[in-house]
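Participant: my questions are about this predicted structure, shown below with the sequence.
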Amino acid sequence: MTDFESIYKSYFSDVYLYILRLSGDEHIAEEITSDTFFKAMKSIERFRGDCDVRVWLCQIAKNCYYSYVKKNTRTEYVDDDQQYELPEESLGVAEEYVRRDEIKRIEKILHDINEPYKEVFMWRVYADLSFKQIAQIFGKTENWACVTYHRARKMIKERLEEINNENRM
């Protein structure tokens with residue numbers, strides 16, 4: 001088995017799940033993950049090892065995903081309700097509806113949050129990266145990554161509370 005094959009086997013699932021979380025679509029996640037590993041394979045000799053391989057792959061995946069989104073902005077959008085077709089069996093219909101509504105609100109809030117808070121939050125939540133890995137991406141310290149994530153989380157929580165209070169009126 002070549003080195004790249006072992007990288008593929010080790011990190012395919014992580015990259016796929018990250019893109020699935022970003023896109024909400026299995027087909028897009030498969031396409032972007034495939035494109036990610038193709039690009040990684042072509043540029044593996046330029047990988048300097050400044051960061052974890054998983055971080056490097058997720059950066060490529062994120063760039064591939066954003067390029068895909070830009071290229072396909074004129075295509076028909078899927079109804080937001082269709083993005084979350086993976087119901088948890090333990091939840092009732094009402095609870096599942098509330099959970100989906102909360103996810104939509106968080107995504108809308110996240111869209112309006114400034115960088116680097118938005119990206120740090122996405123790396124932590126969607127890619128499940130450690131603070132050390134996030135710090136490597138930004139060339140900062142682990143403490144910076146941790147503080148930035150918690151500030152982003154606080155911003156989201158405060159904005160959710162504002163929205164919930166507005167809806168109660």
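Facilitator: Arrived safely.
Participant: could you use CA atoms for every contact and neighbour count after this?
Facilitator: Will do.
Participant: so in the protein, where's the weakest helix or strand by average pLDDT?
Facilitator: Sorting the helices and strands of the chain by mean pLDDT, DSSP states H and E puts helix 93-112 at the bottom, at a mean of 71.
Participant: distance between the very next helix or strand once past that helix and the chain's centre?
Facilitator: Following helix 93-112 in sequence order, the next helix or strand is helix 117-125 (DSSP states H and E). Centroid displacement of helix 117-125 relative to its chain, using Cα atoms, centre = their mean, to the nearest Å, is 7 Å.
Participant: with just CA atoms, put the next helix or strand after helix 117-125 into PDB.
Facilitator: Going down the chain from helix 117-125, the next helix or strand is helix 131-138, by DSSP H and E. C-alpha atoms of helix 131-138 as PDB (Å, rounded to 0.1, in the frame of the first residue of the first chain):
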ATOM      1  CA  PHE A 131      -8.000  23.500  19.000                       C
ATOM      2  CA  LYS A 132      -4.400  22.500  18.200                       C
ATOM      3  CA  GLN A 133      -5.400  21.700  14.600                       C
ATOM      4  CA  ILE A 134      -7.400  24.900  14.300                       C
ATOM      5  CA  ALA A 135      -4.500  26.900  15.700                       C
ATOM      6  CA  GLN A 136      -2.200  25.300  13.000                       C
ATOM      7  CA  ILE A 137      -4.600  26.500  10.300                       C
ATOM      8  CA  PHE A 138      -4.400  30.100  11.400                       C
END
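Participant: now the angle from helix 131-138 to helix 117-125?
Facilitator: Orientation check (axes from the mean of the first three to the mean of the last three Cα atoms, to 10 degrees): helix 131-138 against helix 117-125 gives 140 degrees.
Participant: what are the contacting residues of helix 131-138?
Facilitator: 50-52, 55, 120, 123-124, 141-146 (Cα atoms under 8 Å, 6 or more residues apart in numbering).
Participant: and the residue positioned nearest the centre of the chain, how far from N165?
Facilitator: Nearest to the mean C-alpha position of the chain, by Cα atoms, centre = their mean, lies Y126 at 3.5 Å. Going from Y126 to N165 by Cα to Cα, to the nearest Å gives 27 Å.
Participant: next one: L110
Facilitator: Distance from L110 to N165, counting by Cα to Cα: 18 Å.
Participant: more neighbours, these two?
Facilitator: Using other Cα atoms under 10 Å as the criterion, L110 and N165 rank with L110 on top: 20 against 10.
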